[in-house]
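In: Test case, fold it:
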Amino acid sequence: MTAVLPNLFKGIALVIDNSIGKESEIDKILANITASGGHYISMAALPADDYDLEHLSRVSFFIMDWNLKDDDLEPGVKLPDAVQKEMAAENIAFLKRLSGNRHAPVFIFTNEVPDTVVEYLSADPELLRSIEESHILVKSKADVMDKLYEVLEEWAKETPSVLTLKSWERGYLRAANDLFIDLHNRTTYWPVLMWQTFSDDEVPPEFEMAKLLNRLVESRMGPLELDLKPYLNAAEERRKADEAKYRESMYKVLEGERFLREERLTKELYAPGDLFAFPVDDGTSYWLNLRAECDCLRGGSDLELYLLKAQPVLDAEAKIDPKFGTFLGEKDNEAIIFAMVGGTTFSIKFKDMKIKTLKQIGKQSGERVGRLLPPFITRVQQRYAAYVERPGLPRIPAAMRIEEQAA
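Out: Residues are numbered from 1 along each chain as shown. Here you go, the predicted structure:
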């Protein structure tokens, strides 16, 4: 049988299995990797709890045996319940730690009954979504053996998030490599020159360096080798099957596109778009920072932020233009951000600006909720700039108004 060559899964595989060299199924899987031009690193046991998982940051995908305790277990035979539970707890703890360090697909190829493994994984709230969204694939080793990449490529084609991730990774790494070759050939000290410039500007150089690199890599990236049109019908079927659940997931996706929660932000580093929540008698008051990024980066506890009131918009969906997908009736003195955070749409009001230092915000029990991201914060800034610079125009004469003529 001709081996299927890897496409999306080119790169190093990490294989965690204590039966390597002792069991024909896993040995055939490893032989399949080698025959297809791939490479693997093997471990006989899970990494220790204090093992730095960043060492695995460039792994293309993970293969893991569920039973890492008994390498003599016959296919389909169950371990005693106590051993099963202990083993499941260890495996789940590793998978959760791994998911926080590396978003790469995990394939559990096992001699256990696959449904039993899925049942254990699904019982954990954090891993349930990984099972539902196919980030973790569980299969019998006997069903994989000499057709590993055939199984993986077919699985990826049915999982649009993985297909997109692997396509983006390939394009991003090519662009990053081109960037560093290009600038290295000019001078090996190019990062130092930029670092010196950032330092002279009195802004955090490590922050500005990250922004520079992201911008330069993005400028070198071409279109993704990706086509998601075949999934459109499946997405529509999901919507029809459970409208409420589909809308909930859409709110979460839209928030992820335009808003970054506080836990994802660097502490003590502020920027335009930062949203603050203040306790008030009738609930919570929200205010959005508009001050320029260069000013925010230079500030300490006495940094003054320019805060605009962010007011929740009720019944937001009814105010969307069905043809253009924009908001009907958005006024010159506001900018509306749909589904900005937690499914809530906010209107950023331009008439009421408050200037507060970080120290004052802390004294008033204000807390940063997260940050509105470009291009959404850019639009707020542009509309606010137009608002404060607007010229005064005379009214159109009353006699020219149709309702006045009718009266």
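
In: what's the neighbour count on residue 379?
Out: Residue 379 has 15 neighbours, counted by other Cβ atoms under 10 Å. C-beta: built from backbone N, CA, C; applies to glycine.

In: Now do the contacts for it.
Out: Residue 379 makes contact with residue 335, according to Cβ atoms under 8 Å, 6 or more residues apart in numbering.

In: tell me which residues of stretch 205-215 are tucked away?
Out: 205, 208, 212-213 (16 or more other Cβ atoms under 10 Å).

In: Tell me the one among those nearest to residue 254.
Out: Of all the buried residues of stretch 205-215, residue 213 has the smallest distance to residue 254: 27.3 Å, by Cβ to Cβ.

In: Where does that closest one sit: helix, strand or coil?
Out: Of the three states, residue 213 takes helix under DSSP: H, G, I helix; E, B strand; the rest coil.

In: Cross-check the contact I'm expecting between residue 47 and residue 94.
Out: Yes: distance between residue 47 and residue 94: 7.2 Å, which falls inside the contact criterion (Cβ atoms under 8 Å).

In: out of these two, which sits in the busier spot?
Out: Taking neighbours as other Cβ under 10 Å, residue 47 and residue 94 compare with residue 94 leading, 20 against 16.

In: Could you report the neighbour count for residue 392?
Out: 4.

In: Need the pLDDT of it.
Out: With respect to pLDDT, residue 392 scores 81.

In: Pull up the gap between it and residue 278, please.
Out: With the distance defined as Cβ to Cβ, to the nearest Å, residue 392 ends up 33 Å from residue 278.

In: can you check residue 152 too?
Out: Distance of residue 152 to residue 278, computed by Cβ to Cβ: 50 Å.

In: Residue 241 now?
Out: 41 Å.

In: Which one of the two is surrounded by more residues?
Out: When neighbours are counted by other Cβ under 10 Å, residue 278 comes out ahead of the other of residue 241 and residue 278, with 16 against 9.

In: quick one: secondary structure of the more buried one?
Out: Residue 278 carries the three-state label strand when classified by three-state DSSP.

In: That one reaches residue 309, doesn't it?
Out: No: under the contact definition of Cβ under 8 Å, residue 278 does not touch residue 309, with a separation of 10.5 Å.

In: shared neighbours of the two, anything?
Out: Both residue 278 and residue 309 are contacted by 285-287, under the criterion Cβ under 8 Å, 6+ apart.

In: Let's have those residues in CSV, adding pLDDT, distance to residue 264 and neighbour count.
Out: Supplementary listing: those in CSV, determined by pLDDT from 0 to 100; distance: Cβ to Cβ, whole Å; neighbours: other Cβ atoms under 10 Å:
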residue, pLDDT, distance to residue 264, neighbour count
285, 96, 23, 16
286, 97, 18, 21
287, 97, 20, 24
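
In: With distance to residue 157 and secondary structure as added columns, please give the residues you listed in TSV.
Out: Formatted as TSV, these follow (distance: Cβ to Cβ, whole Å; DSSP: H, G, I helix; E, B strand; the rest coil):
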residue	distance to residue 157	secondary structure
285	48	strand
286	42	strand
287	46	strand
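
In: with these in mind, which one is nearest to residue 230?
Out: Of all the shared contacts of residue 278 and residue 309, the one with the least separation from residue 230 (Cβ to Cβ) is residue 286, at 40.5 Å.

In: who's in contact with that closest one?
Out: Counting by Cβ under 8 Å, 6+ apart, residue 286 makes contact with 275-278, 309-312, 346, 369.

In: what about the strands in the stretch 251-400 of the chain?
Out: Defined through DSSP state E, counting those that start in this stretch, the strands belonging to the stretch 251-400 of the chain, from first to last, are 259-261, 274-280, 283-289, 304-313, 334-341, 344-357, 367-372.

In: Mind jotting down where the helices sit in the protein?
Out: For the chain, the helices identified by DSSP state H occupy 24-35, 81-99, 114-122, 125-132, 148-157, 160-184, 190-200, 205-220, 232-241, 243-258, 293-298, 358-363, 376-388, 402-406, in order along the chain.

In: report the angle between the axes of the second one and helix 114-122?
Out: Computed by axes from the mean of the first three to the mean of the last three Cα atoms, to 10 degrees, the angle separating helix 81-99 from helix 114-122 equals 60 degrees.
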